[in-house]
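Colleague: next input, structure requested:
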Amino acid sequence: MNEKYFVYLEDQDDGILDPKFNSYLPGTQLMLEILCEQGCEFESFEEYEDLVESLEACRCQEDVETIMYNIGTDYIDEMEVHIDWMDLMFPRPEKSPHINYDI
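Modeller: Numbers count the residues shown, from 1 in each chain. Next comes the predicted model:
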């Protein structure tokens, strides 16, 4: 994860440093980093803070899916970021060769 995270607004060339970024849940950080990589810009810093608050409140895949779908369908339909969020927030152990998973 990044040490510093900058928020970009639609009407500004320079990013605004989010000093709280490292305190967010790993899943929130991941979603924000994906948005940054995709060139996402916010109308205001308040809009960004609202998104962070919503992401921090996510407790399941459906929560993240709804939030990210509202930002853009490509995040869910093509990138499947909700699955990345689940893998980070709720890592699963590798399948054991000693257990039959065909139940």
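Colleague: ok, and the closest non-adjacent residue to the most centrally placed residue in the chain?
Modeller: With distances taken as CA atoms, centre = their mean, M31 lies nearest the centre of the chain, 1.5 Å away. Nearest residue to M31, sequence neighbours excluded (CB to CB, 6 or more residues apart in numbering): L55, at 5.5 Å. Yep, even glycine has a C-beta here, placed from its N, CA and C like the rest.
Colleague: what helix or strand is the one you found located in?
Modeller: helix 45-56 (DSSP states H and E).
Colleague: any idea which helix or strand comes after that helix?
Modeller: Remark: after helix 45-56, the chain's next helix or strand is helix 61-71, criterion DSSP H and E.
Colleague: centre of the chain to that following helix, how far?
Modeller: Relative to the centre of its chain, helix 61-71 is centred 9 Å away, using CA atoms, centre = their mean, to the nearest Å.
Colleague: circling back: and the angle for the helix holding L55 with helix 61-71?
Modeller: Interaxial angle, helix 45-56 versus helix 61-71 (axes from the mean of the first three to the mean of the last three CA atoms, to 10 degrees): 160 degrees.
Colleague: and helix 45-56, C-alpha only, in CSV?
Modeller: In CSV, the C-alpha atoms belonging to helix 45-56 read as follows (Å, rounded to 0.1, in the frame of the first residue of the first chain):
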residue,chain,number,x,y,z
PHE,A,45,-13.0,16.7,-1.0
GLU,A,46,-16.3,16.2,0.8
GLU,A,47,-17.4,13.8,-1.9
TYR,A,48,-14.2,11.9,-1.4
GLU,A,49,-14.7,11.8,2.4
ASP,A,50,-18.2,10.5,1.9
LEU,A,51,-16.9,7.7,-0.3
VAL,A,52,-14.3,6.8,2.3
GLU,A,53,-16.9,6.7,5.0
SER,A,54,-19.1,4.4,2.9
LEU,A,55,-16.2,2.1,2.1
GLU,A,56,-15.1,1.9,5.8
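Colleague: show me what counts as buried in that helix.
Modeller: Along helix 45-56, these residues count as buried under the neighbour rule (16 or more other CB atoms under 10 Å): 48, 51-52, 54-55.
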